[in-house]
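K.L.:
I need the structure of the sequence given here:
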Amino acid sequence: MTLAKGHLSILVLTALALTSCQSDDKPPQPRFTSDARGAQVGAAQREGQYFIEFRSRYALTYGHTYAVFGRLNKAGAMVNPQVAGLAPASPDAAPYVLGHFIPVPATTGATDGDLEEAYRSASWRILLTEAEYNKTVAFIRQLQAKSKLWQATVDNCNNFVGEIASSMGYKTPSIWLRPQEFVTKLREMNT
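P.N.:
Numbering: from 1, shown residues only. Okay, the predicted model is just below:
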C-alpha cells in the first residue's frame, strides 16, 4: 500500500509540473536593439559590429531563454553566431520532467530551434565594442565550464542568461518568469 501511495505521489507531482508548464505566451515581441548603455539603436548596422542578443523561443512547454553572440554583416544579419544557454542534456522528456524536482545533467550550447526565426518569442540585441564583446565572451565561457546541472527552479535557463546580463552590469528580473517575460523585462529594466 505504501509503495502504491509513493507511485501515486510521483504521478501527481509530475502531472502538476507538466500542467503548470503549458504555454500561453504572447505573439512574438518586437525586436529591440540598443548599445551597451541601453540607448536604442536604429536599423543601420556596421559590418563587423559585435553583438550579444538575449532571446527566448517558444517550445512545447514554457519556452527557453538563451544568448546568441558574434558579429554582424553590412545588412545587420548574424555571421556565424554562437549560442549559450542552459538546458537538460538530453532531448528526451524524462530528464526534463525529472529536472523539475532534482538537478539533471545540462548542456550549455545551442538547442534545437534556437536560431530558427519562427520560434523566437522575444529578443534584445546589444551592440558591443570589441573590448566589451571579448569580456562578455570570456564570462560566457567560464559560465559554460562551471554549469553542469539544470534544475527548473534554481539552475534554469533564465538564471544562466541572468548571470551573463549581470556580468555586463544589467539589472535582471526574477528567474521564475516564463522565458518570453524574462527577456522582455530584462530589456525593459535596462533601456
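
K.L.:
going forward, measure contacts between C-alpha atoms and count neighbours the same way
P.N.:
OK.

K.L.:
Report whether A131 is found in a helix, as I expect.
P.N.:
Yes. Looking at A131 with DSSP: H, G, I helix; E, B strand; the rest coil, it is inside a helix.

K.L.:
Next one: it, what pLDDT does it get?
P.N.:
With respect to pLDDT, A131 scores 97.

K.L.:
residues touching it, list them.
P.N.:
A131 makes no contacts at all, as judged by C-alpha atoms under 8 Å, 6 or more residues apart in numbering.

K.L.:
Over to D25?
P.N.:
Y58, Y62, Q180.

K.L.:
middle-most residue in the chain, spatially?
P.N.:
Nearest to the geometric centre of the chain sits T65, at 1.8 Å (C-alpha atoms, centre = their mean).

K.L.:
and that one, how far is that from H100?
P.N.:
Distance of T65 to H100, computed by C-alpha to C-alpha, to the nearest Å: 16 Å.

K.L.:
count of residues packed around the residue nearest to D155 when sequence neighbours are not counted?
P.N.:
Setting aside the residues directly before and after it, D155 is nearest to L149 in space (C-alpha to C-alpha, 6 or more residues apart in numbering), at 7.1 Å. The local packing of L149 (other C-alpha atoms under 10 Å) involves 19 other residues.
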